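Enquirer: Just a sequence and a predicted model for now, questions to come.
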Amino acid sequence: MPKIEVLIADDGAQTRENIRKILSLEDNIIIVGESSNGQETVKAAVETKPDVILMDVNMPVMNGIQATEIITLDLPETVVIIMSAEGDQEYLRKAMIAGARDFLVKPFTSDALITAINRVYEREKKRQIQEATLSKIGRKSKVISIYSPHDGVGKSMIATNLAVCLAKDFDQRVALVDLNLQFGDIDLMLNLTPERTLAGLISRYKELDADLMEQFLTEHKTGIKVLAAPPKPEYAETVTVYCVERVLETLKNNYSLIIVDTSSVLQDITLAALDVSNYIFLITTFDLPSLRNAKLCLEVMDALHYPREKIKLIMNRASGDMGIKMDDVSSFLDREIDIAIPSEGRIVVPSVNQGKPFILTDPQSDVSECIRRMARTILDADEEIEINEHNVLSKIKRAFLRRRA
Ligand SMILES: Nc1ncnc2c1ncn2[C@@H]1O[C@H](COP(=O)(O)OP(=O)(O)OP(=O)(O)O)[C@@H](O)[C@H]1O
Ligand SMILES: [Mg+2]
């Protein structure tokens, strides 16, 4: 366990001595230096790069506030705790503007000192981890929607297993959003009991940031975070396109991959998700109504200027003699089937009913292998898909869809 390295900056030799005595009793703290004015403190800080500086305010040559300003700019990983006999708001304000993280009013107790050091240190470590994660995720976050114009073709089972697979097998930070607003069942498929859902965000989406977002997510044991659909169908209508856009944009701050399960109805909310998606997995099955709707869907997506490579075609339940050949399907749809998932009722049905994704319970099965291939499709893609602006095009889209109806 690394020790917290502390530098003591105070012009009073007696104060430094008292602090030294208190800190020497702590196993997890080590004193790496002492200084008696601001200038000396800056020099010592640069040399020792401590985790924490205990900084007196009133010191000769350069005061503690100025020294704090310089140090927090030059050494962003060092945190400063200001110590002052003056506890008034103006002092506190100046110290915080200078970059101090905490404030101790002299005389303070040993407990207050130790607690403050541990607290700022823990907070700083957490911040560093978050920053590292964010820069790792960077702008590379991708949104992937699972869509089909048909109900019951396996959208949710694919969304759930894909999300879990990306987190477990490929070590990704994954958020799973249930946009089947009326009858979402992602919670059931993962055996979760969400305390909060998208319904709670409806009135708060304008103030939404990454921290507030976290409060509405439910964690699955694999680490994926789920934004569950509203608990009752009547709430669905109150969810707006703007809310959905804001949710997906905000999730990009904390997650490298955002998987969206959608409803089969091609209305505004679904389109908002499809537009901002880097990839759409369009699910179809081997029956004529499903194939015809998949074709219509591809035409709509073409009219909406979705790049061809943004859409991956998934044939679900593709086993046995279906009376239609795969080649005929490809020529009918004018594109290759990207992945064909077999029908494996003995694995998929219990997995759905027990809320245990088969990618965890039957990782070697053919269905799991297909899900893994879908995951690789997302992760290995080197093409940079330009996402479609939703706001600009939404009016045109609505008109287009009305014309088709
Ligand atoms: N490859 C498969 N093999 C066997 N059964 C499957 C397969 N894919 C889906 N199923 C079955 O189909 C059912 C419907 O799947 P799912 O709920 O994922 O569909 P959906 O498209 O999300 O439906 P909805 O439109 O109602 O949201 C599941 O309960 C599952 O048992
Ligand atoms: Mg579903």
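Expert: Yep, it's here. Numbers count the residues shown, from 1 in each chain. Ligands and ions are numbered 1, 2, ... in the order given.
Enquirer: Now the one residue in the stretch 51-200 of the chain that gets nearest to ligand 2: closest residue in space that isn't a chain neighbour?
Expert: Proximity to ligand 2, evaluated over the stretch 51-200 of the chain using C-beta to the ion, is greatest for residue 156 at 3.2 Å. Bear in mind the C-beta positions are built from the backbone N, C-alpha and C, glycine included. Setting aside the residues directly before and after it, residue 156 is nearest to residue 261 in space (C-beta to C-beta, 6 or more residues apart in numbering), at 5.2 Å.
Enquirer: Skipping its backbone neighbours, what lies nearest residue 223 in space?
Expert: Counting by C-beta to C-beta, 6+ apart, residue 167 is the residue found nearest to residue 223 once chain neighbours are left out, at 5.2 Å.
Enquirer: Quick one: list the elements packing against the helix or strand encompassing the one you found.
Expert: Secondary structure assignment for residue 167, by DSSP states H and E: helix 155-168. Taking 3 or more C-beta pairs under 8 Å, 6 or more residues apart in numbering; DSSP states H and E as the contact definition, the neighbouring helices and strands of helix 155-168 are strand 142-147, strand 174-178, helix 186-189, strand 257-261, strand 279-285, helix 345-354, helix 358-361, helix 366-380.
Enquirer: And the longest helix along the chain, what's buried?
Expert: Longest helix of the chain, by residue count under DSSP state H: helix 110-137. Going by neighbour count (16 or more other C-beta atoms under 10 Å), the buried part of helix 110-137 is 113-114, 116-117, 120-121, 124, 137.
Enquirer: Please convert these to JSON lines, extending it with pLDDT.
Expert: Conversion of the buried residues of helix 110-137 to JSON lines gives the following (pLDDT from 0 to 100):
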{"residue": "113", "pLDDT": "95"}
{"residue": "114", "pLDDT": "96"}
{"residue": "116", "pLDDT": "94"}
{"residue": "117", "pLDDT": "96"}
{"residue": "120", "pLDDT": "90"}
{"residue": "121", "pLDDT": "93"}
{"residue": "124", "pLDDT": "86"}
{"residue": "137", "pLDDT": "56"}
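Enquirer: tell me which of those is nearest to ligand 1?
Expert: Distance to ligand 1, by C-beta to the nearest ligand atom, is smallest for residue 137 among the buried residues of helix 110-137, at 27.7 Å.
Enquirer: Strands of the protein, start to end?
Expert: 4-9, 29-35, 52-56, 79-84, 102-105, 142-147, 174-178, 218-219, 225-227, 257-261, 279-285, 311-316, 339-340 (DSSP state E).
Enquirer: Of all those, which one is nearest ligand 1?
Expert: For those, distance to ligand 1 was read as C-beta to the nearest ligand atom. The smallest value, 5.1 Å, belongs to strand 311-316.
Enquirer: Say whether ligand 2 is contacted by that closest one.
Expert: No - on the criterion C-beta under 5 Å from the ion, strand 311-316 is out of touch with ligand 2, staying 12.2 Å away.
Enquirer: what angle sits between that strand and helix 155-168?
Expert: Relative orientation of strand 311-316 versus helix 155-168 (axes from the mean of the first three to the mean of the last three C-alpha atoms, to 10 degrees): 110 degrees.
Enquirer: the inter-axis angle of strand 311-316 versus strand 279-285?
Expert: Relative orientation of strand 311-316 and strand 279-285, computed by the same axes, to 10 degrees: 30 degrees.
Enquirer: For the protein, which residues are neighbours of ligand 2?
Expert: On the criterion C-beta under 5 Å from the ion, ligand 2 has as its neighbours in the chain the residues 155-156.
Enquirer: 8 Å instead, please
Expert: With C-beta under 8 Å from the ion as the criterion, the chain comes near ligand 2 at residues 151-152, 155-157, 159, 180, 183-186, 261, 263.
Enquirer: pLDDT at the residue nearest to residue 156, what is it?
Expert: On the pLDDT scale, residue 261 is placed at 98.
Enquirer: Repeat that for residue 242.
Expert: Model confidence at residue 242, given as pLDDT, is 86.
Enquirer: What's the per-residue pLDDT of the residue lying closest to it once chain neighbours are set aside here?
Expert: Taking C-beta to C-beta, 6+ apart, and ignoring the residues beside it in sequence, residue 242 has residue 205 as its nearest neighbour in space, at 6.9 Å. Among the per-residue scores, residue 205 holds a pLDDT of 81.
Enquirer: Please work out how many residues are found near residue 205.
Expert: The local packing of residue 205 (other C-beta atoms under 10 Å) involves 19 other residues.
Enquirer: ok, now residue 275?
Expert: Under the neighbour criterion other C-beta under 10 Å, residue 275 is assigned a count of 24.
Enquirer: Okay, it and residue 304: tell me how far apart.
Expert: As defined by C-beta to C-beta, to the nearest Å, residue 275 lies at a distance of 8 Å from residue 304.
Enquirer: Residue 27 now?
Expert: Counting by C-beta to C-beta - residue 27 and residue 304 are separated by 63 Å.
Enquirer: Same drill for the two, tell me which one is more crowded.
Expert: Relative neighbour count places residue 304 above the other of residue 27 and residue 304, with 16 against 7, counting by other C-beta under 10 Å.
Enquirer: so what's residue 356 up against?
Expert: With contact taken as C-beta atoms under 8 Å, 6 or more residues apart in numbering, residue 356 is in contact with residue 191.
Enquirer: residue ranges with poor pLDDT in the protein?
Expert: Within the chain, the stretches falling below the threshold (pLDDT under 70) are 87-88, 130-131, 133-139, 320-322, 382-405.
Enquirer: I'd say the residue nearest to residue 223 and residue 224 touch.
Expert: Yes - between residue 167 and residue 224 a contact is recorded at 4.7 Å, counting by C-beta atoms under 8 Å.
Enquirer: Need the residues touching each of these two.
Expert: Residues touching both residue 167 and residue 224 (C-beta under 8 Å, 6+ apart): residue 174.
Enquirer: In the record's domain split, what are the boundaries for this structure?
Expert: The record's domain parsing of the chain by automatic domain parsing lists 4-135, 141-404.
Enquirer: For the residue in the stretch 301-405 of the chain that ligand 1 sits nearest to, the count of nearby residues, please.
Expert: The minimum distance from the stretch 301-405 of the chain to ligand 1, using C-beta to the nearest ligand atom, falls at residue 348 (3.7 Å). Residue 348 has 21 neighbouring residues, counting by other C-beta under 10 Å.
Enquirer: so who does it touch?
Expert: For residue 348, the residues meeting the contact criterion (C-beta under 8 Å, 6+ apart) are 154, 157, 358, 367.
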